[in-house]
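*Asks:* pasted the sequence and its predicted model underneath.
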Amino acid sequence: MDTPARTSPDFLAQSVIYQMFLRPFTPEGTLERATRLLPHLADTGVDFVYLCPIVEADDSPSLRYWSERQKISGFNNPRNPYRVKDYYKIDPEYGTDADFRAFVEQAHALDIRVMLDLVYGHCGPKCNLIEEHPDFIQRRPNGSIRYTSYHFPYINFESRAAREYFMGNMEYFVREFGVDGYRTDMERVVPIDFWEEARDRLERIRPDIVMLAESDRRECQLKAYNLNYGVKWGWILRHEIFELGESAAKLRDYVCGTELSSYPPGARFIRMMNNHDWANDHENPENSIGGEAVEAILAVIFAVDGVPFLYNGVEIADDHRHSIYSNRDFGGLAINWANALTRKGINRLQFVKQLVALRRSTPPLIYGNTVWLDHDQPDNIIAFAREYRDKRIVFAVNTRNRAIKVNIKEVTPKRFTTILERGVSCATSGKTMQLSLEPYGLLIGNCFRTTKGR
């Protein structure tokens, strides 16, 4: 694709996004309680909070309209946040309009922007639209409702009135509450021209609105979006490389073979290790791979190009299970905030703060090209440079729970200055850096730039 991605405000390149899923974020799962913890996020360095859906969820108890995931969760909670009943009403589970307004006001006072999650591809079986606007729902030739594989009614975007309704919904939360952006669930099931028109309308209210697509649709960032979700990148890094032990070269191959070759030039991605879906379906990585491996992945996320993305509690090494379907009344799963007082939690918070501060004080980590470095341990080591103007930052991480020695080319060791290191010793030989990396060891440093970005 030759057409470049749309330009984005400079603050986005410097941002750290935090996914706040209210249900497990506090034991109460409310906006009021979450507001009290916003200073903690600001102190961590977060400047963009993405909230999972907070509008009223459908409460139909009929298993016919539950997704398979909802059934097998075992919590028997009919209220699925991704199955909407009323798009304009804050769900009482989380609080009131006043609570949400106070949340946004406090976030803005702390220089944190707020992003809402939009679920427009489908609604709930008891959604108010079904009776009030039956033409907003997709129908089969016999007039019956067309359902998704999750057993939710599809929204009909061939209806101009439906489009106006949902664009108005996006405008409503910007005007009435001051939200700063949207993440769009299952972006691809909604026509791209809807998102493009909605973007134009939102910019008349808030010119710096940020749009994040949960999608791999290549044309997303031409007009409508600032970011794609980057889920495949994160899955390769966490699951395939760190959890399954597959080749570390898979990350480089994916970036060079997919992101750089098929997305618009300048396309941006969030860089994640976890999200609400993975937390629901898979073991917490604190338990599956351990805290040292988690921190190695966090280092990659903050060193590579893209926007770092933190999930609920990772900054205090939360090791509890989370579920989309659990709240204070069904299962009571929540972040283990007591972990913040343990040595592990204290150390994790300091490490995340260190990564945030390093990234924001180092222009190549924000604006630089990523140059993948050649070395003799492609199955085990991830190594790249970030290059910007006359600056060059080198990064290397051991993805294995065993010591690895590696020779990295295209580096000038005599001009190398360490910025951050964990479990690394270094030797030099000409223009090759020889590293001995302990399990999950990592190195970030300044290096005289000897090659041009490519």
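*Replies:* Looks like it arrived, so ask away.
*Asks:* all contacts plus neighbour counts: C-alpha atoms, from now on.
*Replies:* OK.
*Asks:* what helix or strand does the spatially most central residue of the chain sit in?
*Replies:* Among the residues of the chain, F309 comes closest to the average C-alpha position under Cα atoms, centre = their mean, at 4.4 Å. Per DSSP states H and E, F309 falls inside strand 307-311.
*Asks:* show me where the stretch 101-250 of the chain has helices.
*Replies:* 128-132, 160-177, 192-205, 220-223, 231-235, 249-254 (DSSP state H, counting those that start in this stretch).
*Asks:* what comes up buried for the last one?
*Replies:* Using 16 or more other Cα atoms under 10 Å as the burial criterion, the residues of helix 249-254 that qualify are A249, K250, L251, R252.
*Asks:* still on that earlier bit, ok, which of the helices of the stretch 101-250 of the chain comes nearest L333?
*Replies:* Shortest distance between L333 and the helices of the stretch 101-250 of the chain, using Cα to Cα, is found for helix 231-235: 23.8 Å.
*Asks:* now for N77: which residues touch it?
*Replies:* Each residue near N77 by Cα atoms under 8 Å, 6 or more residues apart in numbering is listed here: Q70, Y325, S326, F330.
*Asks:* which of those are buried?
*Replies:* If you count burial by 16+ other Cα under 10 Å, the buried members of the contacts of N77 come out as Q70, Y325, S326.
*Asks:* just the element for the second one, please.
*Replies:* Mapping Y325 onto the secondary structure by DSSP H and E places it in no helix or strand at all.
*Asks:* same question for the one 4 residues further on.
*Replies:* Using DSSP H and E, D329 is not contained in any helix or strand.
*Asks:* number of residues surrounding the residue lying closest to L63 once chain neighbours are set aside?
*Replies:* The shortest distance from L63 to any non-neighbouring residue, by Cα to Cα, 6 or more residues apart in numbering, is to K71 (7.4 Å). Neighbour count of K71, defined by other Cα atoms under 10 Å: 16.
*Asks:* tell me which element K71 is part of?
*Replies:* helix 68-72.
*Asks:* run through the stretch 51-200 of the chain and note the low-pLDDT ranges.
*Replies:* Applying pLDDT under 70 to the stretch 51-200 of the chain flags no residue at all.
*Asks:* contacts only, for V189.
*Replies:* If you count contacts by Cα under 8 Å, 6+ apart, then V189 has G121 around it.
*Asks:* measure it to I155 for me?
*Replies:* Distance check for V189 against I155: by Cα to Cα, to the nearest Å, it reads 9 Å.
*Asks:* ok, now S323?
*Replies:* S323 is 26 Å from I155, by Cα to Cα.
*Asks:* the two: who's more crowded?
*Replies:* Between S323 and I155, I155 has the larger neighbour count (other Cα under 10 Å), namely 27 against 23.
*Asks:* correct me, but that one touches Q138?
*Replies:* Yes: in this structure, I155 is within contact of Q138 by Cα atoms under 8 Å, at 5.6 Å.
*Asks:* nearest residue to F166 in space, please, no chain neighbours.
*Replies:* Excluding the flanking residues, the one nearest F166 by Cα to Cα, 6+ apart is Y120, at 7.7 Å.
*Asks:* quick check: that neighbour touching V190?
*Replies:* Yes: using Cα under 8 Å, Y120 is in contact with V190, at 7.3 Å.
*Asks:* for the two, indicate the residue with more neighbours.
*Replies:* Taking other Cα under 10 Å, Y120 and V190 do not tie; Y120 has more neighbours (21 against 18).
*Asks:* fine by me, thanks again.
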